[in-house]
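[1] Whatever this is, show me its structure:
(2 chains)
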Protein chains: 2
Amino acid sequence: MQQPPVAIVFDTFGSVVDWRSSLITELTEFGAKRGIRADWAALVDAWRGAYQPSMQRVRVGEVPWQTLDQLHRTSLDRLVAEFGIEGLTEADRAHINRGWHRLTPWPDSVAGLTRLKRRFIIGPLSNGNVSLLLNMAKHAGIPWDMIFGSDLFGHFKPDPETYLGVAKLLGLEPGQVMMAAAHNNDLVAARKCGLMTAFWPRPTEYGPHQVRDYAAEHDFDIVAKDIEDLATQLGV
Amino acid sequence: MQQPPVAIVFDTFGSVVDWRSSLITELTEFGAKRGIRADWAALVDAWRGAYQPSMQRVRVGEVPWQTLDQLHRTSLDRLVAEFGIEGLTEADRAHINRGWHRLTPWPDSVAGLTRLKRRFIIGPLSNGNVSLLLNMAKHAGIPWDMIFGSDLFGHFKPDPETYLGVAKLLGLEPGQVMMAAAHNNDLVAARKCGLMTAFWPRPTEYGPHQVRDYAAEHDFDIVAKDIEDLATQLGV
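    Below you'll find the predicted structure:
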């Protein structure tokens, strides 16, 4: 790394927040309170399984642009039917879908981001929409300077419009922006656009179903243990 | 006001930050340090005088979309020539143009916004671009949740795309968003789009050249003394 970045943008689902545990906990409590029985863990895993295919239909133009909230809702409705879950009202489904707005950060995330914010511009660069990411930040106390939701660009990662769009909005060269994530493929795509890169692993992101991203598979600018360690390596 | 807003978005130049004093102070110090003589106060007033006409050329399609940074720079170059200011390098002009990224808040702004942030989503809704507003926030410690620069919409206020664009990005109805400003015309335009409105005066914004906005001229939802008083009236 020849020069430190001016801005650091973060993948969010899995990298900053623990979507799987958050959603399973919330849905299990919801089901118990409402007396609705279901394999909530399996539902959450299937819901996340629908994530990339649903965005891919947008990326290739099979369906028009829509926000991740909308894609999540379409997938949820399909899975509720497939799982045979009964008794969910429209308000219940809207509430469950907003569970993505209430995800819990990993233990190091807020502390590390708070340190990084002192010297760098920080923001999420996520496939989530602005309202999802903003509500999450308010809920969890994540101190972003700016929210880079995919709806600002009308594109999902890894489309280059996202990485390059951040640099343009910040008035920076791509090489002055660092993409930070627990996912190798996100960083490879960002590096192709000229961004700096930082990796840390989240080996329990997918629970027992994790199959990758245990370690950096490329020569990224920084490889850290977590976001606190990223702050340490960047000298803040 | 029947219900409090979910989000409050703020006009920035004049309403949150004191552009005139900030720029005159900075340019006077710059001129003294560099031995460049000019009527800096008159330059600042003329520069701000070029603000609305330069945006109007974009609004009516006379010139293509460009950021406020770009419009400011075009106006600056013209005025430097008109004022006969000599000895400015390209780096000097870029530095002076970035003075808009280093404006100082009015004394009540950061304290009032910090209080409002506890209960509401807060952000600037400004004709400034994202990088200008973000750098200003970092410089001055303004605790925005999200930055609504005009470059997100490709439109300047009072075009409805700006007010309605904020509501859309937040996943809210226009009536759940409050526009807050020291300018009557901004609030009238926001109200036409269905937003709630809050006014406070900044009677020294234009120094000796102030001719309007000494008081609310319409029946806005809240009329406050300043941003601290807005927080008080909203119960935070």
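[2] Only C-alpha atoms from now on, for both contacts and neighbour counts.
    OK.
[3] Return the set of buried residues in the strand or helix carrying residue A:30.
    Following DSSP states H and E, the helix or strand that holds residue A:30 is helix A:19-34. Neighbour-count burial for helix A:19-34 flags A:19, A:20, A:21, A:22, A:23, A:24, A:27, A:28, A:30 (criterion: 16 or more other Cα atoms under 10 Å in any protein chain shown).
[4] elements contacting it?
    helix A:40-49 (3 or more Cα pairs under 8 Å, 6 or more residues apart in numbering or on different chains; DSSP states H and E).
[5] The helix it packs on to helix A:19-34, inter-axis angle?
    130 degrees (axes from the mean of the first three to the mean of the last three Cα atoms, to 10 degrees).
[6] what is the mean pLDDT for helix A:40-49?
    Computed over helix A:40-49, the mean pLDDT rounds to 98.
[7] Kindly report the same for stretch A:117-130.
    The average of the pLDDT scores along stretch A:117-130 is 98.
[8] cool, stretch A:185-197 as well?
    Per-region confidence: stretch A:185-197 scores 98 on mean pLDDT.
[9] Correct me if wrong: residue A:113 contacts residue A:143.
    Yes: between residue A:113 and residue A:143 there is a contact at 7.0 Å, judged by Cα atoms under 8 Å.
[10] More neighbours: which of those two?
    Neighbour count, other Cα atoms under 10 Å in any protein chain shown: between residue A:113 and residue A:143, residue A:113 has more, with 23 against 20.
[11] Going by secondary structure, the more buried one is in what exactly?
    Using DSSP H and E, residue A:113 falls in helix A:109-119.
[12] How about the secondary structure of residue A:179?
    strand (DSSP: H, G, I helix; E, B strand; the rest coil).
[13] Give me the neighbour count for it.
    27.
[14] What of residue A:181?
    For residue A:181, the neighbour count with other Cα under 10 Å is 26.
[15] That one against residue A:190, yeah?
    No: here residue A:181 does not reach residue A:190: they are 10.3 Å apart, not a contact under Cα under 8 Å.
[16] Can you pull out the low-pLDDT segments for chain A?
    For chain A, no stretch is flagged by pLDDT under 70.
[17] Swap in 90 and give it another go.
    By pLDDT under 90, the low-scoring segments of chain A are A:1-2.
[18] Please identify the residues of it in proximity to chain B?
    By Cα under 8 Å from any Cα of the partner chain, the residues of chain A that approach chain B are A:121, A:129-131, A:134, A:138, A:143-147, A:151-152, A:169-171.
[19] Just the buried residues of the helix holding residue A:113, please?
    Buried residues in helix A:109-119, counted by 16+ other Cα under 10 Å: A:109, A:110, A:112, A:113, A:114, A:115, A:116, A:117, A:119.
[20] do stretch A:170-177 as well
    Here stretch A:170-177 shows A:170, A:174, A:175, A:176, A:177 as buried, counting by 16+ other Cα under 10 Å.
[21] Pull the most distant pair out of those residues.
    Pairwise distances across the buried residues of stretch A:170-177 (Cα to Cα) peak at 12.0 Å, for the pair A:170 and A:175.
[22] Residue ranges of each domain in chain A, please.
    Split into domains by automatic domain parsing, chain A comes to A:7-18+A:103-233, A:19-101.
[23] distance between the last one and the chain's centre?
    Averaging C-alpha coordinates over domain A:19-101 and over its chain gives two centres that are 15 Å apart (Cα atoms, centre = their mean, to the nearest Å).
[24] End to end on that domain, go ahead and measure it.
    Terminal residues of domain A:19-101 are spaced 10 Å apart (Cα to Cα, to the nearest Å).
[25] and if you look at stretch A:210-220?
    22 Å.
[26] so what's the backbone phi/psi at the residue of chain A most remote from its centre?
    For chain A, the largest distance from the centre (Cα atoms, centre = their mean) belongs to residue A:35, which lies 30.5 Å off. Here is the backbone geometry of residue A:35 (degrees, to the nearest 10): phi 70, psi 30.
[27] hang on, the earlier thing: farthest-apart pair in the residues of chain A next to chain B, please.
    Within those, A:138 and A:171 form the most distant pair, 26.1 Å apart (Cα to Cα).
[28] Straight-line length of stretch A:42-58, end to end?
    Note: stretch A:42-58 ends 25 Å apart using Cα to Cα.
[29] Name the residues of that stretch that are buried.
    A:43, A:44, A:45, A:47, A:48, A:50, A:54, A:55, A:58.
[30] picking that back up, okay if I get the buried residues of stretch A:170-177 as CSV plus secondary structure?
    Converted to CSV, these look like this (three-state DSSP):
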residue, secondary structure
A:170, helix
A:174, helix
A:175, helix
A:176, helix
A:177, strand
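[31] how about JSON lines for these, with distance to residue B:213 added?
    As requested, those are exported to JSON lines (distance: Cα to Cα, whole Å):
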{"residue": "A:170", "distance to residue B:213": "32"}
{"residue": "A:174", "distance to residue B:213": "42"}
{"residue": "A:175", "distance to residue B:213": "44"}
{"residue": "A:176", "distance to residue B:213": "41"}
{"residue": "A:177", "distance to residue B:213": "41"}
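[32] Among those, which one sits closest to residue B:234?
    Nearest to residue B:234 among the buried residues of stretch A:170-177 is residue A:170, at 32.6 Å by Cα to Cα.
[33] nearest spatial neighbour of the closest one, skipping sequence neighbours?
    Leaving out its chain neighbours, the residue that sits closest to residue A:170 by Cα to Cα, 6 or more residues apart in numbering or on different chains is residue B:131, at 4.6 Å.
[34] for chain A, what spans make up the helices?
    With DSSP state H, the ranges of helices along chain A come out as A:19-34, A:40-49, A:51-59, A:68-83, A:90-97, A:109-119, A:130-140, A:160-170, A:184-192, A:227-233.
[35] Need the ones you listed in a markdown table (columns: distance to residue B:100).
    Shown next, in a markdown table, are the helices of chain A (distance: least, Cα to Cα, whole Å):
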| stretch | distance to residue B:100 |
| --- | --- |
| helix A:19-34 | 39 |
| helix A:40-49 | 43 |
| helix A:51-59 | 38 |
| helix A:68-83 | 35 |
| helix A:90-97 | 41 |
| helix A:109-119 | 20 |
| helix A:130-140 | 26 |
| helix A:160-170 | 15 |
| helix A:184-192 | 30 |
| helix A:227-233 | 30 |
